[in-house]
Every structure is written in C-alpha cells, then in structure tokens.
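Enquirer: Predicted coordinates and the sequence they were generated for:
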Amino acid sequence: MSDALLGAVDILNALLLLTGFLLVGYKRLLPYVRVYAFQSMLLAALSLALALQTGIFHLYVMAALTLLIKGALIPWSLFALIARLQIKREIETTINVPLSLLSAGALVVLAQWVAQPLLARGAGGMSITLIVSLALVLMGLFLMATRRKAITQIVGLLTMENGLFLTGVAMTSGMPMLVELGVLFDVFVGISILGIFVFRIRQAFDTVDMEQLRELKG
Amino acid sequence: MSTWTATLLLVGQLALVLLLAPWIRGLIKTLKARMQGRRGPGLLQPYADLMKMLHKSERFSEHTTWIFRATPYLVFASALTVAALVPTVWTPLPVSFVGDAIVVIYLLAFGAFFTALAGLDAASAFGGMGSSREMMVMSLIEPAMMLAVFTVAVTAGTTDLSSIVSFHVASGGISLAPAQLLAFAGLFLVALAENGRIPVDNPSTHLELTMMHEAMVLEYSGRSLALLEWAGALKLLIFFSLLANAFFPLGIAMETQNLPWGLGAYALKVVALAAAVAATETVQAKLRLFRLPDVLAIAFVLSLMALIMHFLGRGGI
C-alpha cells in the first residue's frame, strides 16, 4: 500500500476505535446517534481508501452507498424516531460507565486474541483494521446487552453491522456487490421495522425500557 | 556542547517559557471570547494582571502555617523545573540528565499536592472542598497520564523526554500509528483535567461552589497569588509542549542554526493546541462533579488502549 494511504488507514482505524469507546461511554442520546453517523462516515472513508488502492469499481459504489444510507439516512430516521417517541434524552445502563469502558477495553484485547490465527495467514496493511472490526462487533454486542432503552440497543445492532462490514473490507477487499447491496437494504428496512416496533411498544406499555418488559413473563 | 552554549540554551528555554505562558492564557481567553461573539480582554491582559499582583501587599490568615506561605514558591519552583526538562524549541536539552518523564509527572504531582495542602491550611470550607475535589480528579487522571507517557516512551525505548523527541524526529517527525493517536487523545483529556479547563473545571468561574482549582487558591493575595497564577500558566504551556513535541516533533531544532525554524514550528503547534482547547471550552459545558469519573475513565481507557495497541501493532506482546 502506498505510504499516504497507509497513514490514512491508520488514522481511520484509530478514529473508529475511538468512536467505539465513545459509544460505550456516552450518556446522552442525541450525541450517541451522531457518533454512530460519524462512525459510518469513517467506514465510507476506509472503503474509499481501499478502493483507491485496489481500483475495484464496486468499492467506490459501496463507499458512496455507506455514506448515503448509513451515514445520513439511518441516523436521520433514528432522529425522527427519537423526536416522535419524546423519550428522556439520557441513556440508562445496567452497569456504570467506567466499568463499561474497562469492559470495552477488555473486548479489544479479546478481539486481538481472536484475530491472531487469522492474521497469521497475512493480511498486509489491514491487520489493525481486522482487530478494530472484530472489536466493533464485540462492542456492538456489549452495547446491546448492557443498555436499557430500545433505541440504544438498535444502535448497538448497527454498530455490530458496521463491524461486520469492516471485517469484510479488511479480509476480502469487499464482498460481491450483490451481497453488499442486499445487506445494506436489509439493514435499512430492518431499522424501519424496528422503529415501528419501538413505537408500538411505547404505545402499548408506555415505556421503552427493556428491563421493565422482562417482568411481563408468566 | 560547551558549558556556555548549554547555559545559554537553558536560560533561553526558561525565559521563553516564562514569557510565553501568560500570553497563551490570554490567547485562549481571546479565542473563546471571539467564538462567543465578544471581544475579550486583550492578549496582554495576563501580563498586566501579573504586574498588578506582584506590586500588591499580602495578607495571611492567622490560622495558616508555614505550608501556606511556602506553597507558592514550591509550586512555582516545581513548574519551572519541569519547564527545563520538557523540550520546546530545541531537542537535546542540556539538563535532561536531571530527570526523565517519570520525574516530570511526579514534579507536577508535587505541585498539586502542595496546592491541595495549602487549600486545607487556611481552614476555610471552600478550600477544603476544592482540595478534596482536586485530589479526586488527580487520583483518576495520574494513571491516564502515566500510561499515555509510557506509550510514547515504549515506542522510543527510553523515558528521557529529549531522547523520545529526538527518536520521533529521526523516524519521520509525524507519527500516525493508532497507538500514538490514541495516546494523544488521552493526553489531551489529561491536559484538560490537570489544568482545570472545561469540561472538568471552569477556570473563570466566580461562584465558589463550582470552583475546583480556584477554591484552593482563594485565600492567596499579592505576590503569592501572582506566583501561583504564573505556575498555572506554566503548567498549561508544559502540557502543550508535551503534546506538540512528544507526538508531532516535526520542525524542532536539533542544531543551533535551525533555531528560527524550531521557534516557528513550536509557536504554530502551541497556537493550534490553544485553539483546540478554546474550541473544546466553547462547545462543551462543565460537567457535574459526579459525571467527572466518566470522562476521566475515558481518558484512562484511551491511554490503556494506546499502550495495548502499541504491542498489538507489533504482532502480539
């Protein structure tokens, strides 16, 4: 990889890891969604860097689509959902923030440990990208497990999807165009459906706190 | 290098830092004011304040001990010593044998420790409150600062600050490895916390209940207050020098004929960092006290991740 692109990929990886930690550490809802939008833009930039290096055309298309759909359309629909729900703008967590941050750190170490056998086969300049992508997947899962509001769990799912996209970019220079397009539109439709679900939950039970919904069993 | 050159470099560095520190404070205030649509008090106002305070007489409360009277001199001396150890315009500093990065961290902690003691010494409620808050922040931020500095030190293979900067200059001048960028982010948050900037503490508040650093120095007047304010400005400039030269030492002078370049590069980097701090202070609001551990934990985890990423980048520990 050319030096300038290598440097750009390094900066983007560090920023992606930073956004992962910010998602785990933030307590306010609106900046939360903005950090997710920023993360999607970084993802588009990373695909663009890979496209510039390999010259594969569909990577340019993927970068543009990621920027459009994940960077603009999905955050916009999430903002519209938050405005319609009129929920409290604070994120409630099941464990406190410093402990969440330390767990996120432990997850990054776990991602590195898991990535070692894959890296042994050689991934060129993208070794750190692979570790960051696995870390994002794990952090998305962690977000879904430890956040109480439905919206924040949706963002956790989206972070996992971002991490998986990044894994594809890191390992295989982008998956076939058809697969990527299918996944992207699946995600968009999924978010719309989840939005409708959350609104219905709010209408039926007057709360979006998932912890309280556990007590309805039996 | 000859003793003459070494002495001149040392005196030059101390003079530069002492004269530049109040101007940086004035610059941050002016930038904040401009961003908020005001004109600000002027860039030379901190100098006028220091002159005014040096001329005024001091009053000491009858409840204070020698700690209260000695603290301003101790804090100023420790800040000045650190200023002689952190590279600003040229890099192999003549007195770098005196102390390395760990000594720098502990000298800064020494100053903070005595300031906290002085806050307690005056037996006023606000002083005690400021001291306890400051100690809470310090206990959470010291590990973050150590880890960030250790990341840079481990990359260079030494803890001597001049050698670290020389190493980074030799390996390109700008280092964009993820570990370095994360350490920079962590150290920036540490700088905000240690110097009492928003979002940790409001440096221009006049409400005692919201004060942290100001509460500890509330009882000081005259020359002692001037020394404490100057030491605070010195500490801010030291952190800026660390941030600029340990991570992006491009342009620093290694021979005497490059001194003008070194001066220009240093001025540029420090002004850029001052603008970043001013922007952060304008955009963010001061955090509630009980939210502080969240932000300080972010700084700690960033520094920890920087150190871990450094070892990851080399293919495992």
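Expert: Cool, the structure landed. Worth saying up front: this structure is predicted, and the values here are computed from it rather than measured.
Enquirer: just for chain A, where's the confidence low?
Expert: A:1-2, A:88, A:121-126, A:173-174, A:216-218 (pLDDT under 70).
Enquirer: Chain B contacts on that one?
Expert: A:7, A:10-11, A:13-15, A:17-18, A:21-22, A:25, A:27, A:97-98, A:101-102, A:104-105, A:108-109, A:112, A:116, A:119, A:127-128, A:131 (C-beta under 8 Å from any C-beta of the partner chain). All C-beta spots, glycine's among them, are computed from the backbone N, C-alpha and C.
Enquirer: In helices, which of those residues appear?
Expert: Members of the residues of chain A next to chain B lying in helices (criterion: DSSP state H): A:7, A:10-11, A:13-15, A:17-18, A:21-22, A:25, A:97-98, A:101-102, A:104-105, A:108-109, A:112, A:116, A:119, A:127-128, A:131.
Enquirer: Give me the buried entries from those.
Expert: By neighbour count, with 16 or more other C-beta atoms under 10 Å in any protein chain shown, those hold A:7, A:10-11, A:13-15, A:17-18, A:21-22, A:25, A:97-98, A:101-102, A:104-105, A:108-109, A:112, A:119, A:127-128, A:131 as buried.
Enquirer: Was I right to think residue B:310 contacts residue B:155?
Expert: Yes: using C-beta atoms under 8 Å, residue B:310 is in contact with residue B:155, at 6.3 Å.
Enquirer: which residues do those two both contact?
Expert: Counting by C-beta atoms under 8 Å, 6 or more residues apart in numbering or on different chains, the shared contacts of residue B:310 and residue B:155 are B:177, B:179.
Enquirer: Quick one: list the elements packing against the helix or strand hosting residue A:38.
Expert: For residue A:38, the element it lies in under DSSP states H and E is helix A:29-54. Where contact means 3 or more C-beta pairs under 8 Å, 6 or more residues apart in numbering or on different chains; DSSP states H and E, helix A:29-54 is packed against helix A:3-25, helix A:57-65, helix A:74-85, helix A:150-172.
Enquirer: List the buried residues for the second one?
Expert: This means helix A:57-65. A:58, A:59, A:61, A:62, A:63, A:65.
Enquirer: how about residue B:169, what does it touch?
Expert: Residues near residue B:169 by C-beta under 8 Å, 6+ apart: B:91, B:249, B:250, B:252, B:254.
Enquirer: State the phi and psi torsions of the first one.
Expert: Going back to what we said before, that points to residue B:91. phi -100, psi -50 (degrees, to the nearest 10).
Enquirer: repeat for the second one
Expert: Dihedral angles phi and psi of residue B:249 (degrees, to the nearest 10) take the values phi -80, psi 20.
Enquirer: can you count the residues close to it?
Expert: By the criterion of other C-beta atoms under 10 Å in any protein chain shown, residue B:249 has 26 neighbours.
Enquirer: can you pull the contacts of it?
Expert: Taking C-beta under 8 Å, 6+ apart as the test, what residue B:249 contacts is B:87, B:91, B:165, B:168, B:169, B:173.
Enquirer: Just the pLDDT at it, thanks.
Expert: Note for residue B:249: predicted pLDDT of 86.
Enquirer: just the fourth one next, same as before
Expert: Predicted confidence (pLDDT) at residue B:252: the value is 83.
Enquirer: Get me the contact residues on chain B for chain A.
Expert: Counting by C-beta under 8 Å from any C-beta, chain B sits next to chain A at B:176-178, B:181-182, B:185, B:291, B:293-294, B:297-298, B:300-302, B:304-305, B:308-309, B:312-313, B:315-316.
Enquirer: Mind checking which of those residues are buried?
Expert: Counted by 16+ other C-beta under 10 Å, the residues of chain B next to chain A give B:176-178, B:181-182, B:185, B:293-294, B:297-298, B:300-302, B:304-305, B:308-309, B:312-313 as buried.
Enquirer: How about the spatially most central residue of chain A: what's its closest non-neighbour residue?
Expert: The residue lying closest to the centre of chain A (C-alpha atoms, centre = their mean) is residue A:159, at 1.7 Å. Spatial nearest neighbour of residue A:159, excluding adjacent residues (C-beta to C-beta, 6 or more residues apart in numbering or on different chains): residue A:140 at 3.5 Å.
Enquirer: so how far is the helix or strand that the one you found is a member of off the chain centroid?
Expert: Taking DSSP H and E as the criterion, residue A:140 maps to helix A:127-146. Taking the mean of its C-alpha atoms, helix A:127-146 sits 8 Å from the chain's own mean (C-alpha atoms, centre = their mean, to the nearest Å).
Enquirer: elements contacting that helix?
Expert: Using 3+ C-beta pairs under 8 Å, 6+ apart, the elements in contact with helix A:127-146 are helix A:3-25, helix A:97-120, helix A:150-172, helix B:292-313.
Enquirer: quick one, it and helix A:29-54 angle?
Expert: 160 degrees (axes from the mean of the first three to the mean of the last three C-alpha atoms, to 10 degrees).
Enquirer: residue ranges for the strands of the stretch 201-317 of chain B, please.
Expert: For the stretch 201-317 of chain B, no strands are identified by DSSP state E, counting those that start in this stretch.
Enquirer: Closest residue of it to chain A?
Expert: residue B:297 (3.7 Å; C-beta to the nearest C-beta).
Enquirer: Just the pLDDT for that residue.
Expert: At residue B:297, the pLDDT recorded in the model is 88.
Enquirer: again, but for residue B:205
Expert: 83.
Enquirer: ditto for residue B:137
Expert: 92.
Enquirer: So it belongs to a helix, correct?
Expert: Yes: judged by DSSP: H, G, I helix; E, B strand; the rest coil, residue B:137 forms part of a helix.
Enquirer: thought it was touching residue B:195?
Expert: No: taking contacts as C-beta under 8 Å, residue B:137 lies outside contact range of residue B:195: 10.9 Å.
Enquirer: Now residue 86. Its backbone dihedrals?
Expert: Since you didn't name a chain, this refers to chain A. Main-chain dihedrals, residue A:86, degrees, to the nearest 10: phi 50, psi 50.
Enquirer: Switch to chain B, please.
Expert: According to degrees, to the nearest 10, residue B:86 has phi -100, psi 130.
Enquirer: what stretches of the stretch 1-150 of chain B score poorly on pLDDT?
Expert: B:1.
Enquirer: so where do the helices sit in it?
Expert: Using DSSP state H, counting those that start in this stretch, the helices of the stretch 1-150 of chain B run over B:3-35, B:45-55, B:66-85, B:101-121, B:125-156.
Enquirer: okay, these in CSV with distance to residue A:34 next?
Expert: Formatted as CSV, those follow (distance: least, C-beta to C-beta, whole Å):
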stretch, distance to residue A:34
helix B:3-35, 20
helix B:45-55, 36
helix B:66-85, 38
helix B:101-121, 35
helix B:125-156, 25
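Enquirer: Please name whichever of these is nearest to residue A:206.
Expert: helix B:125-156 (38.7 Å; C-beta to C-beta).
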